[in-house]
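1. 3D, please:
(one chain, ligands or ions: 1)
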Amino acid sequence: MRHLNDTFLKAARGEKTDHTPVWFMRQAGRSQPEYRKLKEQYSLFDITHQPEICAYVTRLPVEQYNVDAAILYKDIMTPLPAIGVDVEIKSGIGPVIDNPLRSVQDVEKLGEIDPESDVPYVLETIRLLTEEQLNVPLIGFAGAPFTLASYMIEGGPSKNYNKTKAFMYAEPKAWFTLMDKLAEMTITYVHAQVKAGAKAIQLFDSWVGALNVADYRVFIKPVMERIFTELRAENVPLIMFGVGASHLAKDWHDLPLDVVGLDWRMQISEARELGLTKTLQGNLDPSILLAPWDVIEERTKAILDQGMASPGHIFNLGHGVFPEVNPDTLKRLTAFVHEYTAK
Ligand SMILES: Cc1c2[nH]c(c1CCC(=O)O)Cc1[nH]c(c(CCC(=O)O)c1C)Cc1[nH]c(c(CCC(=O)O)c1C)Cc1[nH]c(c(C)c1CCC(=O)O)C2
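-> Numbers count the residues shown, from 1 in each chain. So this is what the prediction gives:
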């Protein structure tokens, strides 16, 4: 077994580290030529169903960029077919669902997940990665109920989540049944990922920022409370993330989790002023990676300075890497974060 670089785990627990750890959301993906080559032949689901290839794709950014954590290559949609949702990832569009939820009956028909039989390839990939192939912690993940429900109800990507919100307001009973079922799925699925060897868990509630605080508290916070309370027993760092959700950051901080992920809209220092004492993850605007290096460096320094003011910062982007980003930029940025924050 190789020596594990545990800087990411230490920072996630709020401990002092030798340097600020860094990883990038969507680090395994289209900005890498090796990945693009594979994608000429395979779809996302083709890759995730082949553990050797999936493990290779997951390792690529660790080997090429020297980041301090790996994130399992799969999608938040991966577990949905197990509960009866027909999902396809359409290139250039995203997840598309042919049988969107329309009624209480549709919600009641949803089944349960048995990870060992429904997604054995996910667990096999984790086992491959943790046994010998990786010297950094592997982050497992799941989509959070609001974001999953938004795809299940809209049938695909959406701008305003109108159908989702209409369903939530019009059919609160069915909504809470749906939240319970998705919570059950998430808890079971995440437990299995940790048992297989995932060292941290991130929940992606990418689109929940569409709700205001009052609705978040009524329609979502209780289910998140339940999920995180159950997952706490695993004793691995739990990370929350969403886009355009600064107004919910304080409520996330109240949940039994370890790390609050921020997009680029709120500064690390502002979050600290708000009273967020937990570890913060983020938050370079991913667009800045397309700017000249001196701009990237200046903006990164500002984030790192704020992050170093108190223990508990994991450097990341405010959202995923764009495909147009040059891989050399990610490599240079990782090295810069490590050097600039080295004690
Ligand atoms: C909302 C969401 C999805 N998927 C995910 C989220 C939450 C994070 C976020 O907010 O971006 C999470 C996700 N999806 C994928 C990963 C892999 C790990 C990583 O971050 O490197 C992760 C963590 C692979 C993927 N997920 C998807 C791809 C593209 C696959 C393809 O082109 O076939 C990959 C590599 C497809 C996908 N899947 C989803 C969308 C919106 C898209 C289209 C986006 C795009 O094309 O850039 C749903």
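2. what's the burial count for residue 105?
-> Residues near residue 105, counting by other Cβ atoms under 10 Å, number 9. To be clear about C-beta, it is placed using only N, CA and C from the backbone, and glycine gets the same treatment.
3. which SSE is it in?
-> Under the criterion of DSSP states H and E, residue 105 resides in helix 104-109.
4. Just checking, which helix or strand succeeds that helix along the chain?
-> Going down the chain from helix 104-109, the next helix or strand is helix 115-118, by DSSP H and E.
5. Show me where the stretch 1-150 of the chain has its helices.
-> Applying DSSP state H, counting those that start in this stretch to the stretch 1-150 of the chain gives helices spanning 7-12, 33-41, 44-48, 51-65, 104-109, 115-118, 120-128, 145-154.
6. Run through the residues of the stretch 51-200 of the chain sitting next to the ligand.
-> Contacts of the stretch 51-200 of the chain with the ligand, taken as Cβ under 6 Å from any ligand atom, map to 71, 73, 75-76, 89, 91, 94-95, 141, 147, 157.
7. 5 Å - rerun?
-> Within the stretch 51-200 of the chain, the positions lying close to the ligand (Cβ under 5 Å from any ligand atom) are 71, 75-76, 89, 91, 94.
8. Just these: which are in strands?
-> The strands, defined by DSSP state E, take in 71, 89, 94 from those.
9. partner residues bridging the last one?
-> Judged by DSSP bridges, the bridge partners of residue 94 are residue 90.
10. and it, how many neighbours?
-> Around residue 94 there are 13 other residues, counting by other Cβ under 10 Å.
11. Check residue 40 too.
-> Residues lying near residue 40 (other Cβ under 10 Å) number 6.
12. Which residue ranges of the stretch 151-300 of the chain form strands?
-> Along the stretch 151-300 of the chain, the segments classed as strands by DSSP state E, counting those that start in this stretch run 200-204, 238-241, 259-261, 279-284.
13. Other residues contacting the longest one?
-> Think strand 279-284. Identification of contacts with strand 279-284 by Cβ atoms under 8 Å, 6 or more residues apart in numbering yields 11-14, 237, 239, 241, 258-264, 266-268, 271-272, 296, 299-300, 303, 307, 312-318.
14. So for residue 29, what pLDDT did the model give?
-> Residue 29 is assigned 85 on the pLDDT scale.
15. State the distance from the residue in the chain sticking out farthest from the centre to the ligand.
-> Most distant from the centre of the chain: residue 105, at 30.2 Å, with distances by Cα atoms, centre = their mean. Applying Cβ to the nearest ligand atom, to the nearest Å, the value for residue 105 to the ligand is 26 Å.
16. Residue 197 too?
-> 16 Å.
17. How about that residue, nearest residue that isn't a chain neighbour?
-> What sits nearest to residue 197 in space, not counting adjacent residues and going by Cβ to Cβ, 6 or more residues apart in numbering, is residue 130, at 3.2 Å.
18. and residue 319, how far is that from the ligand?
-> In terms of Cβ to the nearest ligand atom, residue 319 sits 6 Å off from the ligand.
19. what's near enough to touch that residue?
-> Residue 319 makes contact with 25, 243, 263-264, 286, according to Cβ under 8 Å, 6+ apart.
20. Look through the stretch 101-250 of the chain and state the residue closest to the ligand.
-> Closest contact between the stretch 101-250 of the chain and the ligand, by Cβ to the nearest ligand atom, is at residue 206 (3.2 Å).
21. Quick check: residues of the stretch 201-343 of the chain near the ligand?
-> 204, 206, 320.
22. One more pass at 6 Å, please.
-> 204, 206, 243, 320.
23. Any chance of the backbone angles for the third one?
-> Okay, so that is residue 243. phi -100, psi 140 (degrees, to the nearest 10).
24. Isn't it up against residue 204?
-> No: under the criterion of Cβ atoms under 8 Å, residue 243 is not in contact with residue 204, lying 9.3 Å apart.
25. Tell me who's in contact with the nearest residue to residue 67 once chain neighbours are set aside.
-> Nearest residue to residue 67 in three dimensions, chain neighbours excluded: residue 23, at 4.4 Å (Cβ to Cβ, 6+ apart). Residues near residue 23 by Cβ under 8 Å, 6+ apart: 8, 61, 67-71, 139, 314, 316.
26. Please list only the buried members of those.
-> When the contacts of residue 23 are checked for burial by 16 or more other Cβ atoms under 10 Å, the buried set is 8, 61, 67-71, 139, 314, 316.
27. ok so, going back, pick out the most distant pair among the contacts of residue 319.
-> The distance between the two most remote of these (Cβ to Cβ) is 11.9 Å, for 25 and 264.
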